[in-house]
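Enquirer: predicted model follows, preceded by the sequence.
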Amino acid sequence: MHFLENIRLALSSLKANKLRSVLTMLGIIIGICSVVTITTIGNSLKDTLNSALNMLTGQTINTYYDYVHEDDLEVKEQLSEKDYISTEMLDEFEEHFDGKYLVSRTSSVGHGTLTNSEGKEVNIAVFGASEGFIRENKYFYKLLEGRYPTIEDNNGKKHTILVSDLFVEQYFGKNYKALGNDINISINGVGNIDFTIVGIFSLSDSYIKYNAEKGKSRDQLATPTFIPYYTATSLKEPASDHDIYPTFVICDNKTDSKKAIDDIQAFFDSKYRNAKYWKPMFYDMSEEMDDTMMIMNILTVVLAVIAAISLLVGGIGVMNIMMVSITERTREIGIRKALGAKNGAIRVQFLIESAILCLVGGGIGVLFGMLNGFLVEVIGNLILKSFPEYAEFVVLDIRVSITAIIASLIFSTIIGVFFGIYPANKAAKLDPIDALRYE
Amino acid sequence: MRNIVKKYFIDQPNELEILHGLDLEINEGEFTAIVGPSGSGKSTLMNIIGALDKPTSGFYELNGTDISQLDDSELSEIRNKEIGFVFQNFNLISRTNAIENVELPMLYAGVGRKERRKRAEELLELVGMSDRADHNPNELSGGQKQRIAIARALVNTPSIILADEPTGALDSATGRMVMDIFHKLHKEEKKTIILITHSPELASETERILTINDGNIVSDSKGGVTDALS
């Protein structure tokens, strides 16, 4: 007998008992629905957390100091200034890696004032920053046009400046081509220093919103501007000759953080070859993130297992109904056998019935699970919107994994077959004479 | 069919021998009636002839095949291809319409969908039920149901039509109509028909009457009175 005929047969007998079929499926629907809901929400939360953490901390390597003799538990000398990474080392580092890894360096210079051609006063906050700092904070300061401050800008203490798009609007007017223009700034009241605009970045919406809430209008807002790091230190005070805990930024997409840590460690190990007590060590957030992710994973699995138990209960329900159905249809089985149905044909008929029950139940369960995921996304994002300072970085994006759907459907079919085997065998082994006589 | 013995509860204290070594030969094209009171072994004999059951011992050959040696699956095939059952209580599958009931034996024989439908329509035509093809059994009268059942029995052109009290659940007029169909099948289609009944009247319409009592054939209108034990 053809397989399709079996399916047609099973469908028609399920259709004949619509209410019972639906009630039987309910167990499977609820089971699959909870599994899909939990895995969907779990995975999406994990993705959301992952991308948010990546945005805020990704691609950076941090520094700490460790005792050179790891096996020597007794610390003989405290960490002191001579152990710190020096500014020269950092300069050498940037030169050595030639843009592959950069050092994030920043210093605050102070308050700047400008007067434009119309006599309007515009305020800015002046910072010294290396390319590494702006790249590290690329989610706050996204370069729209021009370039980052270069090593040459830095070493030459050049008077170049990166300004925000909002500053351009305030000083020059909207859509003005400000790149390459010179501006004259008075910094902390000390006057008339010329800078050339080499880059324009966009301010994040949350920055503007955040300041707007503090009562500052868009027009009055003193936006940050960045001049080369060494230019800044020369304007303000002599630069410190060391940087205790520098942050390194990976600028090469193809390099992962483990490789970067190895490279950076190797570079500084050569500098600290003769160190007796302390040397710098490097780490990134990925390890802490791995721990967080592991906890999320365990949580998801545990919840999914609990949900799977309800699936098991649903499966037992299917088996129960199949047993009832077979008893009820004993006579039908007898007739089929008398008309030449082999045991195998009867077995397949009932197996397919229970598999279809579970498969259809599973399909409906997946749909409801997706719906739940969608509801969580809508509600979650509504809640997130009430925290504007995070809204830009944390976007709840619920995605139902195709693998989860396929796995659910396969799993529910397996349940159908598994819990169908016993009833189907029972039906197949019925004696045709007894079955025909059954009332 | 030679020396057919059927025992139940074999090797148990309550062992029961229903058929005591029956010998029986039915020729192609014969219309035979098997009569006998309840408990005579008539149903057991019918089950064995219909390949629903196997004799405990003895030899049953149908069209050159030794049925007594076959396994379950082979018996199913014999039932499917060689036997057409007509039951007293019709045994149509409920919630399945008339034409699908008629198609059922062909489904198990692996006949294609289109061919099944065509053949089932032919047979419904033969029993005069074409206009009821889409009706479910519960929408049909007893006589209509039995005609559907006869169409179903004929669908795989079996060697034997085995009718167990086919008129038992019908009033005399519809019973008459069903019997007329059997006569027609016998005369026009040269079918081999075995009619199991306890009604001497119906039996007398056939060519040959076998009387069973207490597990033995006590008379055969064709060969005169026989005694299987002698």
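Expert: Sure, I can see it.
Enquirer: ranges for the helices of chain B?
Expert: B:42-49, B:72-82, B:98-109, B:113-126, B:142-154, B:172-189, B:200-204 (DSSP state H).
Enquirer: the third one - contacts with which helices or strands?
Expert: Packed against helix B:98-109 by the contact rule (3 or more Cβ pairs under 8 Å, 6 or more residues apart in numbering or on different chains; DSSP states H and E) you find helix B:72-82, helix B:113-126, helix B:142-154. Any C-beta I mention is one placed from the backbone N, CA and C, and that applies to glycine too.
Enquirer: re the thing from before, mean neighbour count and mean pLDDT added to the helices of chain B, as a markdown table?
Expert: As requested, the helices of chain B are exported to a markdown table (neighbours: other Cβ atoms under 10 Å in any protein chain shown; pLDDT from 0 to 100):
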| stretch | mean neighbour count | mean pLDDT |
| --- | --- | --- |
| helix B:42-49 | 22 | 88 |
| helix B:72-82 | 19 | 92 |
| helix B:98-109 | 24 | 92 |
| helix B:113-126 | 16 | 92 |
| helix B:142-154 | 25 | 92 |
| helix B:172-189 | 15 | 90 |
| helix B:200-204 | 14 | 87 |
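Enquirer: those helices: which one's closest to residue A:152?
Expert: helix B:113-126 (82.1 Å; Cβ to Cβ).
Enquirer: distance of the residue in the stretch 301-439 of chain A that chain B sits nearest to from residue B:74?
Expert: Across the stretch 301-439 of chain A, no residue is closer to chain B than residue A:340, which sits at 2.3 Å (Cβ to the nearest Cβ). From residue A:340 over to residue B:74 the distance is 11 Å, taken as Cβ to Cβ, to the nearest Å.
Enquirer: related to what we said a few turns ago, turn the helices and strands packed on helix B:98-109 into TSV, columns for distance to chain A.
Expert: Converted to TSV, the helices and strands packed on helix B:98-109 look like this (distance: least, Cβ to the nearest Cβ, whole Å):
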stretch	distance to chain A
helix B:72-82	2
helix B:113-126	8
helix B:142-154	7
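Enquirer: relative to residue A:17, which of the ones you listed is closest?
Expert: helix B:142-154 (22.1 Å).
Enquirer: near chain A, which residues of chain B?
Expert: Contact residues, chain B versus chain A (Cβ under 8 Å from any Cβ of the partner chain): B:47, B:50, B:52-53, B:72-73, B:76-77, B:79-81, B:85, B:87, B:91-96, B:104-105, B:107-110, B:113, B:152, B:156.
Enquirer: give me that answer again for 7 Å
Expert: Selection of chain B residues close to chain A by Cβ under 7 Å from any Cβ of the partner chain yields B:47, B:52-53, B:72-73, B:76-77, B:79-80, B:85, B:91, B:93, B:95, B:104-105, B:107-110.
Enquirer: quick check, central residue of chain B?
Expert: residue B:162 (1.3 Å; Cα atoms, centre = their mean).
Enquirer: for that residue, give me its contacts.
Expert: B:46, B:49-50, B:83-85, B:194 (Cβ atoms under 7 Å, 6 or more residues apart in numbering or on different chains).
Enquirer: quick one: pLDDT of it?
Expert: You'll see residue B:162 listed with a pLDDT of 93.
Enquirer: same deal with residue A:2?
Expert: 68.
Enquirer: does the residue of the stretch 301-439 of chain A closest to chain B touch residue B:78 like I think?
Expert: No: if you go by Cβ atoms under 7 Å, residue A:340 and residue B:78 don't touch, sitting 8.2 Å apart.
Enquirer: help me confirm that residue A:77 is found in a helix?
Expert: No: Residue A:77: not assigned to a helix; according to DSSP: H, G, I helix; E, B strand; the rest coil it is coil.
Enquirer: can you give me phi and psi for the residue lying closest to it once chain neighbours are set aside?
Expert: Excluding the flanking residues, the one nearest residue A:77 by Cβ to Cβ, 6 or more residues apart in numbering or on different chains is residue A:277, at 4.7 Å. Main-chain dihedrals, residue A:277, degrees, to the nearest 10: phi -120, psi -50.
Enquirer: count the residues that sit near residue A:277.
Expert: 17 (other Cβ atoms under 10 Å in any protein chain shown).
Enquirer: next: residue B:167.
Expert: If you count neighbours by other Cβ under 10 Å, residue B:167 ends up with 24.
Enquirer: per-residue confidence at residue B:9?
Expert: With respect to pLDDT, residue B:9 has a value of 64.
Enquirer: same question for residue B:196.
Expert: 92.
Enquirer: test my guess that it contacts residue B:164.
Expert: Yes: counting by Cβ under 7 Å, residue B:196 touches residue B:164, with 4.8 Å between them.
Enquirer: what about the two, which has more around it?
Expert: A direct count of neighbours by other Cβ under 10 Å for residue B:196 and residue B:164 places residue B:196 higher, at 26 against 22.
Enquirer: quick one: common contacting residues for residue B:196 and residue B:164?
Expert: residue B:46.
Enquirer: could you count how many residues lie near the nearest residue to residue A:96 once chain neighbours are set aside?
Expert: Leaving aside its sequence neighbours, residue A:96 sits nearest to residue A:267 (Cβ to Cβ, 6+ apart; 6.4 Å). By the criterion of other Cβ under 10 Å, residue A:267 has 18 neighbours.
Enquirer: contact partners of the helix or strand containing residue A:267?
Expert: Element membership for residue A:267, per DSSP states H and E: helix A:257-271. For helix A:257-271, the surrounding residues in contact (Cβ under 7 Å, 6+ apart) are A:61, A:89, A:93, A:96, A:101, A:248, A:250, A:280, A:282-284, A:286.
Enquirer: circling back: sec struct for the residue of the stretch 301-439 of chain A closest to chain B, please.
Expert: Going by three-state DSSP: residue A:340 is coil.
Enquirer: looking at chain A, which strand is longest?
Expert: Using DSSP state E to define each element, chain A has its longest strand at strand A:190-203.
Enquirer: who are the packing partners of that one?
Expert: strand A:141-146, strand A:160-164, helix A:165-171, strand A:182-187 (3 or more Cβ pairs under 7 Å, 6 or more residues apart in numbering or on different chains; DSSP states H and E).
Enquirer: try 10 Å
Expert: The contact analysis (3 or more Cβ pairs under 10 Å, 6 or more residues apart in numbering or on different chains; DSSP states H and E) places strand A:190-203 against strand A:106-115, helix A:131-136, strand A:141-146, strand A:160-164, helix A:165-171, strand A:182-187, strand A:223-228, helix A:229-236.
Enquirer: could you save those as JSON lines and add columns showing mean pLDDT?
Expert: Below are these laid out as JSON lines (pLDDT from 0 to 100):
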{"stretch": "strand A:106-115", "mean pLDDT": "88"}
{"stretch": "helix A:131-136", "mean pLDDT": "88"}
{"stretch": "strand A:141-146", "mean pLDDT": "88"}
{"stretch": "strand A:160-164", "mean pLDDT": "92"}
{"stretch": "helix A:165-171", "mean pLDDT": "89"}
{"stretch": "strand A:182-187", "mean pLDDT": "89"}
{"stretch": "strand A:223-228", "mean pLDDT": "92"}
{"stretch": "helix A:229-236", "mean pLDDT": "84"}
